[in-house]
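**Student:** how would this look folded up:
(2 chains)
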Amino acid sequence: MTKKILGIVALLATLCAATAIDAQSMFRGDAMHSGTYAGPAPRQFHHIKWKFPTRDRVISSPVFKDNLIYFGGDDGNVYAVDAVTGRQIWKRATNGPVPATPAIAEGTVYIGSYDGKFYAFNAQTGALKWKFATDGERRFEAKGLHGMKPKDQTIADPFDIFLSSPVVANGAVYFGSGDGNLYALDSATGDLRWKFKTGDVVHASPALADGVLFFGSWDSYFYAVDAATGKEKWRFHGGEDPMIHNQVGFQSSPAVVNGGPRRLREGSAALQLGLAATKTRSRQ
Amino acid sequence: MTSAGALVRLITILIVAAALPCRAEDVISGRWEGTAHIPDDELTVVVDLSQENGAWVGSIIIPGLGLKGVPLTDIKVQPPDVNFAVKGALGIQLKLRLDANNKLAGNFEQAGNRAPASLQKTGPPQVEYPPRNTPVAKELEGEWKGDYEMLGYTRHVSIKFANHPDGATADFVIVGRKHNVLPVDLVTQEGEMVTVDSHEMGFSFESRLKNGKLTGAVRQAAIETPLVLVRAK
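**Tutor:** Predicted coordinates for the structure are as follows:
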């Protein structure tokens, strides 16, 4: 119960911020995940204007567009809420939690669910435009994870709580999946353009700059992939931890600043890629 | 008293008499938020009540029980009493009374257990409505057939779509070792996307209408199997 209340409170705080920002339409504001938004930032939080109850915690970050706020809920729903009144405009059910941040483009909401599907909804009405089936969602898992017993049993990582948030550009939508792929779909039809296979779960959110997608995988590699073709340009090997699999993989999402990808770490300055090649328990 | 004066007095009484029950119902209509004090915990309860064409409609949110926008049934509003049940298997009922402080206070009841509940009006109603059947395209009307395999043997599927003034219906039949007629409660078409749901059976068919085929999957609980339907000859 406390967890859910915290979820609602966290959502409220972010919603207050989102209402003052008109430009945000995907995770971290843009395809590079710069975290830069047009318009003035709120200087002070005065009071709760409204609150919106869901059935479960909210991990997804809200996205603001045309006076509506969009977000996913761990209750399996995708929501559109009036930013002024807090009234629900629409909700659409999926068959799994939705701990990803939606992207809004061309009047369409794009978001993935733990049911292994990726959805495109009409932003105004919530009508389903198309749905794409990945090979399935799952958490990162390993034997003896974090030193937990039994050591010979595969254990799903309880800290792997996010799903990849999509980025939309050039008529395509890009996102990672628990099936180990980074997908590129036609944003209008949902048809597969290409998919890029990594060695493990991809729950980080890809950043796009200069036609190149940057993202990390739980296979401990950080990739740069051509957005048009899906061909690998380079990869960077992070840390390995064969004993307890704690310091492996890339869970956090990159941002591209001044021409190069940097990893985001909550509450601290961005770290240069390569200085800390191990997994961070940071917000995606 | 003149006859004109009596008429004015009569009209005034009638207006006041008519306004009284309306005012009470206006008070009940709205979003009500509060708690039910179950042993060792408090359940957050959000109730939306509204009148439509003279009938009461409503929905409820109880995050602690995993309920969001669940329809209310058996709504009885006889101010100051407000009673209703929550649709579904949980068997929840709320029996409330509007008190002098304009709070709805009473009991939250489930499976013979009672917990005190108190709700305060926080704004206008935000009643959630369950999805409704939509019309389907003319080209979808009629019978569609296909097969899928599950647990090692083939099942034959037939879905017959028909349009009606209040939306489409579908006859959904699966023939495997048995002849199963599924009770369909939701048929929707949104662009190319066509969905047939039997919530009672936990069974659904989601598909895309393209190139004269319904290409999709049947889903039962967590099991999903591809299914392509073509028009029956």
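
**Student:** quick one, domains of chain B?
**Tutor:** Chain B breaks down by automatic domain parsing into domains covering B:29-123, B:138-231.

**Student:** centre of the chain versus the longest one, how much separation?
**Tutor:** Relative to its chain's centre, domain B:29-123 lies at 15 Å (C-alpha atoms, centre = their mean, to the nearest Å).

**Student:** is it positioned near chain A?
**Tutor:** Yes: counting by C-beta under 8 Å from any C-beta of the partner chain, chain A has neighbours in domain B:29-123: B:41, B:44, B:46, B:61, B:63-64, B:66-69. In short, each C-beta sits where N, CA and C put it, glycine included.

**Student:** of these, buried ones?
**Tutor:** Among these, the ones that count as buried by 16 or more other C-beta atoms under 10 Å in any protein chain shown are B:44, B:46, B:61, B:63-64, B:67-69.

**Student:** which stretch among the domains of chain B comes nearest residue A:246?
**Tutor:** Across the domains of chain B, the minimum distance to residue A:246, taken as C-beta to C-beta, is reached by domain B:138-231, at 29.8 Å.

**Student:** quick one: end-to-end distance for that closest one.
**Tutor:** Start-to-end span of domain B:138-231 (C-alpha to C-alpha, to the nearest Å) is 13 Å.

**Student:** that domain and chain A in contact?
**Tutor:** Yes: using C-beta under 8 Å from any C-beta, domain B:138-231 comes into contact with chain A via B:190-193, B:206, B:208, B:217, B:219, B:222.

**Student:** so what are the sheet partners of the helix or strand hosting residue A:184 and their directions?
**Tutor:** Element membership for residue A:184 (DSSP states H and E) is strand A:181-186. If you go by DSSP bridges, strand A:181-186 pairs up with strand A:172-176 (antiparallel), strand A:192-197 (antiparallel).

**Student:** next up, the contacts around residue B:59.
**Tutor:** Neighbouring residues of residue B:59 by C-beta atoms under 8 Å, 6 or more residues apart in numbering or on different chains: B:47-48, B:69-72, B:127-129.

**Student:** and if you look at residue B:32?
**Tutor:** B:46-49, B:104, B:119-122.

**Student:** try it again with 10 Å
**Tutor:** By C-beta atoms under 10 Å, 6 or more residues apart in numbering or on different chains, the residues touching residue B:32 are B:45-49, B:58, B:60, B:82, B:94, B:96, B:103-104, B:118-123, B:125.

**Student:** out of the residues you listed, which are buried?
**Tutor:** Buried residues within the contacts of residue B:32, counting neighbours by 16+ other C-beta under 10 Å: B:45-49, B:58, B:60, B:82, B:94, B:96, B:103-104, B:118-119, B:121, B:125.

**Student:** that older thread, rebuild the domains of chain B as CSV, extending it with distance to residue A:45 and mean pLDDT.
**Tutor:** What follows is those, written out as CSV (distance: least, C-beta to C-beta, whole Å; pLDDT from 0 to 100):
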stretch, distance to residue A:45, mean pLDDT
domain B:29-123, 20, 94
domain B:138-231, 38, 94
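
**Student:** take those domains and write them to CSV, including distance to residue A:257.
**Tutor:** Output for the domains of chain B, formatted as CSV (distance: least, C-beta to C-beta, whole Å):
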stretch, distance to residue A:257
domain B:29-123, 39
domain B:138-231, 39
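
**Student:** how many residues are close by the nearest residue to residue A:153 once chain neighbours are set aside?
**Tutor:** With C-beta to C-beta, 6 or more residues apart in numbering or on different chains as the criterion, residue A:153 has its nearest non-adjacent residue at 6.4 Å, and that residue is residue A:143. Counted by other C-beta atoms under 10 Å in any protein chain shown, the residues lying close to residue A:143 total 14.

**Student:** try residue A:243
**Tutor:** So residue A:243, with other C-beta under 10 Å, has 10 neighbours.

**Student:** that one and residue B:86: what is the separation?
**Tutor:** Between residue A:243 and residue B:86 the distance is 50 Å, computed by C-beta to C-beta, to the nearest Å.

**Student:** also residue A:239?
**Tutor:** Counting by C-beta to C-beta, the gap from residue A:239 to residue B:86 is 51 Å.

**Student:** those two: which has the busier surroundings?
**Tutor:** A count of neighbours by other C-beta under 10 Å puts residue B:86 above the other of residue A:239 and residue B:86, at 24 against 14.

**Student:** wouldn't that one be in contact with residue B:66 here?
**Tutor:** No: Residue B:86 lies out of contact with residue B:66 (C-beta atoms under 10 Å); the separation is 12.0 Å.

**Student:** how near is residue A:125 to residue A:74?
**Tutor:** For residue A:125, the distance to residue A:74 (C-beta to C-beta) stands at 24 Å.

**Student:** more neighbours: those two, which one.
**Tutor:** Neighbour comparison, residue A:125 and residue A:74: the larger count goes to residue A:74, with 21 against 13 (by other C-beta under 10 Å).

**Student:** for that one, helix, strand, or coil?
**Tutor:** Using DSSP: H, G, I helix; E, B strand; the rest coil, the structure places residue A:74 in coil.

**Student:** give the full set of residues in contact with it.
**Tutor:** A:3-4, A:7, A:54-60, A:96-99, A:114, A:161.

**Student:** residue B:154 contacts residue B:225, correct?
**Tutor:** No: in this structure, residue B:154 is not within contact of residue B:225 by C-beta under 10 Å, at 11.1 Å.
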